[in-house]
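> Sequence and predicted structure, then a few things I'm wondering about:
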Amino acid sequence: MKHLLATTCLALGLGVMGATTASAECGDVTVASMNWQSAEVLASLDQFILNNGYGCNASIIVGDTVPTVTSMVEKGDPDIAPEGWIDLIPEVVNQGIEEGRLIKAAVALSDGAVQGWWIPKYIADANPDIKTIEDALKRPDLFPDSEDSSKGAVHNGPQGWGGTVVTTQFFKAYGGEEAGFTLVDTGSSAGLDGSIARAYERQQGWLGYYWAPTALLGRYEMVKLEHGAEQNMDEWNRCNTVADCPDPQKNDWPVDTVQTLVTPKFAERAGEDVMGYLNTRAWSNNTVNALMAWMTENQATGEDGARYFLQNNEELWTKWVSPEVAEKIKAAL
């Protein structure tokens, strides 16, 4: 019994020593949590895995894309931006990379953040010939305007959104008015969401602008329409994104790259194991949509969402870490 007790104490001592060493190597870590749901839960997920799997002392700080990435480049802090929408500030990101002040890690959202025109899946299933925007505009009867059933409706976002400008320009480029459609101003984010919810509850047709990842698309299954055009960034910048441009052309909507960014000083301190995780960790729109839908329905925090994800998606996250780290995370749960 004395021998067993001594052996147990030795094992515990070595375990504590190992954890302390790992913590010392990883050290204090600041993780930026942006002010939207998907970024909040990813930051909490990284915090949980870094702390419990790698012995870091990770804390979350609240940020937003432009100030966070700018601070990383200019001041070297915070250490990690898990969900960096790098296409929004290409100059800052490219400068940081070129000057060795930023390091790109995994593309956090494996299939990119997507925007475009969507229809309900039940409409797509019942009408398999509708694949593109042009296909949908041939069927105003399937997407009736609630104010005038003789016309179809394309639902737009609120004023001030970039996606609203593009949708307005696409409505012109694809001949929406000539096809017998009205461009509907939904007034607000809540108005746009409500129009989709009402259509789903009544199993009616709906056509309009939306984006992913979002909690709403985790709750209501929607199908994104193809644009039937090659991507032309010159036209995109010249006219598709410019509200007063009179002659927009058909175009493809670029996918936004959502990538994890880290500072060089953290990457060097953290070592290969931690960076191996950050270079591997990625999830899809479908995964994030479903997770955010659960969070919204349960009024869950980012920390709640991270734990829920780890408990219900073991087959995914265990691919991001070693078996030894995975066991530590399971034990912490």
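Perfect, thanks for sending it.
> Tell me where the chain has strands.
Remark: strands assigned in the chain by DSSP state E are 28-34, 57-63, 80-85, 103-107, 114-120, 152-156, 181-185, 208-212, 222-224, 258-262.
> mean confidence score for the first one?
Pointing back at strand 28-34 there. The average pLDDT within strand 28-34 is 96.
> in it, what's buried?
The neighbour-count criterion (16 or more other CB atoms under 10 Å) identifies 29-34 as the buried residues of strand 28-34. All C-beta spots, glycine's among them, are computed from the backbone N, C-alpha and C.
> sorry, back to before: mind putting the strands of the chain in a markdown table, distance to residue 163 included?
A markdown table is the format used below for the strands of the chain (distance: least, CB to CB, whole Å):
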| stretch | distance to residue 163 |
| --- | --- |
| strand 28-34 | 18 |
| strand 57-63 | 23 |
| strand 80-85 | 14 |
| strand 103-107 | 21 |
| strand 114-120 | 5 |
| strand 152-156 | 8 |
| strand 181-185 | 13 |
| strand 208-212 | 5 |
| strand 222-224 | 13 |
| strand 258-262 | 16 |
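> Just say which of those is most tucked in.
Compared across these, strand 80-85 shows the largest average neighbour count, a mean of 27 (mean count of other CB atoms under 10 Å).
> for it, packing partners?
strand 28-34, helix 37-54, helix 65-75, strand 258-262 (3 or more CB pairs under 8 Å, 6 or more residues apart in numbering; DSSP states H and E).
> how about a cut-off of 10 Å?
strand 28-34, helix 37-54, strand 57-63, helix 65-75, strand 103-107, strand 258-262, helix 264-278 (3 or more CB pairs under 10 Å, 6 or more residues apart in numbering; DSSP states H and E).
> how about the second one as CSV, C-alpha atoms only?
Right, helix 37-54. C-alpha atoms of helix 37-54 as CSV (Å, rounded to 0.1, in the frame of the first residue of the first chain):
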residue,chain,number,x,y,z
GLN,A,37,-21.4,34.5,-32.9
SER,A,38,-19.1,32.3,-35.0
ALA,A,39,-16.0,34.2,-34.0
GLU,A,40,-17.1,34.1,-30.3
VAL,A,41,-17.5,30.4,-30.2
LEU,A,42,-14.2,29.7,-32.2
ALA,A,43,-12.3,31.9,-29.8
SER,A,44,-13.8,30.0,-26.8
LEU,A,45,-13.0,26.7,-28.5
ASP,A,46,-9.3,27.7,-29.0
GLN,A,47,-9.1,28.8,-25.4
PHE,A,48,-10.5,25.5,-24.1
ILE,A,49,-8.2,23.4,-26.3
LEU,A,50,-5.1,25.5,-25.7
ASN,A,51,-5.6,25.5,-21.9
ASN,A,52,-6.7,21.9,-21.4
GLY,A,53,-4.8,20.2,-24.2
TYR,A,54,-1.6,22.1,-24.3
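> before we move on, back to that, now render the helices and strands packed on strand 80-85 as CSV, adding distance to residue 321.
Output for the helices and strands packed on strand 80-85, formatted as CSV (distance: least, CB to CB, whole Å):
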stretch, distance to residue 321
strand 28-34, 16
helix 37-54, 6
strand 57-63, 15
helix 65-75, 24
strand 103-107, 13
strand 258-262, 15
helix 264-278, 6
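> Tell me the pLDDT of residue 235.
Looking at residue 235, its pLDDT stands at 96.
> How about it, nearest residue that isn't a chain neighbour?
Nearest non-adjacent residue to residue 235, counting by CB to CB, 6 or more residues apart in numbering: residue 249, 5.0 Å away.
> residues in contact with the one you found?
Residue 249 makes contacts with 169-170, 172-174, 229, 232, 235-236, 238-240, as judged by CB atoms under 10 Å, 6 or more residues apart in numbering.
> Specify which member of the residues you listed is nearest to residue 221.
residue 170 (22.8 Å; CB to CB).
> That closest one is in contact with residue 136, isn't it?
No - when contacts are counted by CB atoms under 10 Å, residue 170 is not listed as touching residue 136 (11.7 Å).
> what touches both of the two?
Common neighbours of residue 170 and residue 136 (criterion: CB under 10 Å, 6+ apart): 117, 154, 176.
> I'd like those as TSV, with pLDDT appended.
Listed next are these as TSV, based on pLDDT from 0 to 100:
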residue	pLDDT
117	98
154	98
176	98
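> Residue 195 versus residue 274, what's the distance?
For residue 274, the distance to residue 195 (CB to CB, to the nearest Å) stands at 44 Å.
> Same check on residue 53?
Residue 53 sits 43 Å away from residue 195, going by CB to CB.
> who has more neighbours, these two?
Neighbour count, other CB atoms under 10 Å: between residue 53 and residue 195, residue 53 has more, with 25 against 18.
> Could you check the pLDDT of the more buried one?
Per-residue confidence at residue 53 stands at 97 (pLDDT).
> what residues are up against the residue most central in space within the chain?
Among the residues of the chain, residue 213 comes closest to the average C-alpha position under CA atoms, centre = their mean, at 4.7 Å. Residue 213 makes contact with 36-38, 83, 109, 111-114, 258, 283-292, according to CB under 10 Å, 6+ apart.
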